[in-house]
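Asker: attaching a predicted model along with its sequence, questions to come.
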Amino acid sequence: MQTKPLSNWSEDVLEQCLQDVMQGGWSRMRPYALTFLLVSLTTAEAPPTRQDLALAPLVHNSSNPGSQLDLSCWEDVSTLHEDERAARPAELAAAARYAAHYGLPPMQTVNDVITLLIAAQVIHEIPDTAGVARLYPAHPVPAPVDVFPLDEEEAAIQRQLRFEAAYEGHSYRIIELFAPEGERRKEITTSLERLARVIDSTPDDARQAVRLLVNGGDFTTTLDITELPPHKVFRLRCDWAQFDDGRIGIHGMTEDGRIEVTLPTRLTDPTDEHDREPPPQHPHPER
């Protein structure tokens, strides 16, 4: 795909690029240097050189304590947990496939990772007025599924992450309708047109936001919204027990300025057989 380099190195635009990285699925890519380099680039104060970027604090790892371009981009296997060590061969194979897609050898060094990101046009390398090559993120930053030959399983996960990132903000606004003043409603009667006004967007965006809630398992609808006309009235219901079991509740600020939250039940109840599962990647607020 063809991308364009960032032309406006402002805080607001860089923040959007950082969001593209964090919400675009890059955190799932290996080696971790793929993510760390992009995060470091989108938080830099000015376009860096390759060496500048390699020296960014996030790029440090156990195999590369000095963050030099010619040192390893991979964590030392001796520092990994057992499941991470078991996953390493598959990660190496996938990373080699990404590099081969652009005619490059398998990534071994930090410089190799930068070279791949440039070949994929996730990063652009452009000489400045003094002829020094500097790095710019693409704007917008493409997702891994846009530039790498992901396997079917990973591509499906990446598509779901993008879907969640696109509509989770709208879903938060809809959740707020269930507890407008602290009390908890079990259901609301609404339509996609009404919800579109709530989220300040379109009925189709409202449809996708409701779909995201339903996919979470704690919300249900009385009608199938897949092709529901925007004006058609339906009831949206919340199972609060399941909501509390799977979501982080955010209740605002305490008097000492701290965020007050309620952790999912499965993380606080030692008798819950699911207590060792990780928390949801996209917590929903509760007001």
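Answerer: Now that the structure is in, tell me what you want to look at.
Asker: ok so residue 189 is a strand residue?
Answerer: Yes. Assignment of residue 189 by DSSP: H, G, I helix; E, B strand; the rest coil places it within a strand.
Asker: what's the burial count for residue 205?
Answerer: Here the number of neighbours of residue 205 (other Cβ atoms under 10 Å) works out to 18. C-beta: built from backbone N, CA, C; applies to glycine.
Asker: name the SS class of it, please.
Answerer: Reduced to three states by three-state DSSP, residue 205 is helix.
Asker: quick check: phi and psi at the closest residue to it other than its chain neighbours.
Answerer: Counting by Cβ to Cβ, 6 or more residues apart in numbering, residue 170 is the residue found nearest to residue 205 once chain neighbours are left out, at 5.8 Å. The phi and psi values for residue 170, taken as degrees, to the nearest 10, are phi -60, psi -40.
Asker: quick one, what contacts residue 170?
Answerer: Residues touching residue 170, when contacts are defined by Cβ atoms under 8 Å, 6 or more residues apart in numbering, comprise 199, 201, 205-206, 208-209.
Asker: which of these lies closest to residue 34?
Answerer: When the contacts of residue 170 are ranked by distance to residue 34 (Cβ to Cβ), residue 208 comes first, at 28.5 Å.
Asker: surely that closest one touches residue 163?
Answerer: Yes. Taking contact to mean Cβ atoms under 8 Å, the distance of 7.5 Å between residue 208 and residue 163 places them in contact.
Asker: please say which of those two ends up with more neighbours.
Answerer: Neighbours per residue, other Cβ under 10 Å: of residue 208 and residue 163, the larger number sits with residue 208, 18 against 14.
Asker: same for the helix or strand where that one lies, what does it pack against?
Answerer: Following DSSP states H and E, the helix or strand that holds residue 208 is helix 203-215. If contacts are counted by 3 or more Cβ pairs under 8 Å, 6 or more residues apart in numbering; DSSP states H and E, helix 203-215 sits against helix 152-176, helix 192-199, strand 219-221.
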